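Undergrad: got a predicted structure here, sequence first:
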Amino acid sequence: MVLLKGFVKPEDQIGMVSMCRQLGKGPGGFYRPSLKNGAKLNLWMMSLGKNWDPTTRSYGPTRPFDGAQAPTIPDVFKMIAQTANSTANEFPQINPDVCIVNYYTNSGKLGLHQDKDESESSLTKGLPFISISIGDTAEFLFGNTRDKDQATKINLESGDILILGGESRLLFHGVSRVKTDTAPSWVKEETGIRPGRINLTFRQY
């Protein structure tokens with residue numbers, strides 16, 4: 001597991017927010033997903049490249065509830081993720097074909113979970129997932145079990161990139177809270193982003 005602090009340049013963060021906003025308003029854009037039991041997740045989500053359905057925990061070309069096709073991952077997004085991947089040379093290089101974009105309001109959170117819905121080949125090889133944070137700081141938890149009391153806690157700030165691969169690929173992880181009013185002033189001024197955090201997670205299916 002590698003944390004690259006402040007890796008995404010300010011101008012790239014601004015561009016990513018703008019592009020996420022544009023994609024999020026179109027077909028296949030942001031929605032509030034539900035779990036199998038019908039409970040709504042405490043965030044807004046958009047899948048790029050391939051659709052990920054949290055109800056069935058599977059990937060497909062379209063979303064079941066409206067038939068919308070997953071928008072294409074912008075090349076500039078891929079370039080930033082792959083540059084980070086190369087910098088953290090402990091891991092194999094991926095060619096991202098999935099990007100899950102989550103928007104957390106300041107009351108947003110996500111329980112401890114494993115990302116294990118990718119192909120058997122991807123998981124067996126320990127191919128990393130690459131997580132980019134923009135906006136307010138997230139209190140991020142990770143550990144070997146779903147017990148949040150035993151999890152390690154770190155702050156993910158705007159511009160940070162976290163990479164989990166190899167032996168850390170199946171760590172349990174989640175967001176316990178978003179810290180209010182912690183985004184850099186220039187992010188808010190240049191993008192008009194609402195209070196909260198955008199998280200982009202790249203994977204190779």
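TA: Everything's here; your move.
Undergrad: what's around the closest residue to Gly165 other than its chain neighbours, how many residues?
TA: Closest residue to Gly165 apart from its sequence neighbours, by C-beta to C-beta, 6 or more residues apart in numbering: Pro128 at 2.8 Å. All C-beta spots, glycine's among them, are computed from the backbone N, C-alpha and C. Pro128: 28 surrounding residues under other C-beta atoms under 10 Å.
Undergrad: OK, contacts around Pro128?
TA: Neighbour list for Pro128: 85, 88, 91-92, 94, 163-166, 169 [criterion: C-beta atoms under 8 Å, 6 or more residues apart in numbering].
Undergrad: His113: which of the residues you listed is nearest?
TA: Nearest to His113 among these is Leu164, at 12.4 Å by C-beta to C-beta.
Undergrad: any figure for the gap between the closest one and Asp181?
TA: According to C-beta to C-beta, to the nearest Å, Leu164 and Asp181 sit 28 Å apart.
Undergrad: show me which of those two is the more surrounded one.
TA: Remark: of Leu164 and Asp181, Leu164 carries more neighbours, 22 against 10, as counted by other C-beta under 10 Å.
Undergrad: I'd like to know which elements the helix ranked longest in the chain is packed against.
TA: Looking across the chain with DSSP state H, the single longest helix is helix 10-25. Packing contacts for helix 10-25, counted by 3 or more C-beta pairs under 8 Å, 6 or more residues apart in numbering; DSSP states H and E, involve strand 44-48, helix 75-87, strand 98-104, strand 129-135, helix 185-191, strand 197-203.
Undergrad: contacts for the longest one, please.
TA: In this case it means helix 75-87. 4, 7-8, 12, 15-16, 19, 48, 91, 93-96, 99, 128, 130, 132, 161, 163, 200, 202.
Undergrad: could you do the first one as well?
TA: Defining contact as C-beta under 8 Å, 6+ apart, one finds that strand 44-48 is touched by 20, 23-24, 28-33, 54, 63, 70-74, 77, 98-103.
Undergrad: could you rerun that using 7 Å?
TA: Applying C-beta atoms under 7 Å, 6 or more residues apart in numbering, the contact partners of strand 44-48 are 23-24, 28-33, 70-73, 99-103.
Undergrad: what does stretch 58-74 give?
TA: For stretch 58-74, contacts defined as C-beta under 7 Å, 6+ apart pick out 19, 23, 26-28, 47-53, 96, 98-99, 117, 205.
Undergrad: now it, how far from the centre of its chain.
TA: 16 Å (C-alpha atoms, centre = their mean, to the nearest Å).
Undergrad: so which bits of it are buried?
TA: 59, 63, 68, 70-71, 73-74 (16 or more other C-beta atoms under 10 Å).
Undergrad: ok, now stretch 138-152?
TA: For stretch 138-152, the neighbour count (16+ other C-beta under 10 Å) marks 138, 140-143, 151 as buried.
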